[in-house]
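Chemist: model the following, please.
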Amino acid sequence: MALVKVFSPTSEPELVTVVAMLEAHDIQCFVHSAGFGSLYPGPSIHGYNTRAIMVEERNVAAARELIQDFESQRGDWEPGEEQGKE
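Modeler: Below you'll find the model as predicted:
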């Protein structure tokens, strides 16, 4: 089973959201440097404290499609604003 990097989150909420979204669609994932990256916040240094979400090769297309949809929705609503109401 080979793992492929599909996403590098820039914040803890982003990490948790993407992992939950993948798991909700039955796509198992692995977060490379999950614990270590959260212990050393601050500037992201590749290979030191950056985290990467990885999935099995057979799930790469589905995971990237979900992540692309997630990224396209970013910024559509403001914190404190209720979703679905105008």
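
Chemist: so how far is Phe7 from Thr50?
Modeler: Distance, Thr50 to Phe7, by Cβ to Cβ, to the nearest Å: 11 Å. Any C-beta I mention is one placed from the backbone N, CA and C, and that applies to glycine too.

Chemist: the two: which is more packed in?
Modeler: Using other Cβ atoms under 10 Å, the more surrounded residue of Thr50 and Phe7 is Phe7, with 24 against 16.

Chemist: ok, for that one, nearest residue in space, not its chain neighbours?
Modeler: Nearest non-adjacent residue to Phe7, counting by Cβ to Cβ, 6 or more residues apart in numbering: Ile53, 4.4 Å away.

Chemist: mind pulling the model confidence for that neighbour?
Modeler: We have a pLDDT of 94 for Ile53.

Chemist: same question for Glu71.
Modeler: 87.

Chemist: tell me the SS of it?
Modeler: Put simply, Glu71 is helix when judged by DSSP: H, G, I helix; E, B strand; the rest coil.

Chemist: return the distance of it relative to Val4.
Modeler: From Glu71 to Val4 the distance is 18 Å (Cβ to Cβ).

Chemist: with Glu57 instead?
Modeler: 6 Å.

Chemist: of these two, who's got more company?
Modeler: Comparing Glu57 with Val4 by other Cβ under 10 Å, the one with more neighbours is Val4, at 14 against 10.

Chemist: the more buried one: what's it in contact with?
Modeler: Applying Cβ atoms under 8 Å, 6 or more residues apart in numbering, we find Val4 in contact with 54-57, 60.

Chemist: tell me which helix or strand of this structure sits lowest on mean pLDDT?
Modeler: helix 34-39 (a mean of 61; mean pLDDT, DSSP states H and E).

Chemist: below-threshold pLDDT in the chain: ranges please.
Modeler: Counting by pLDDT under 70, the chain shows low-confidence ranges at 35-49, 75-86.
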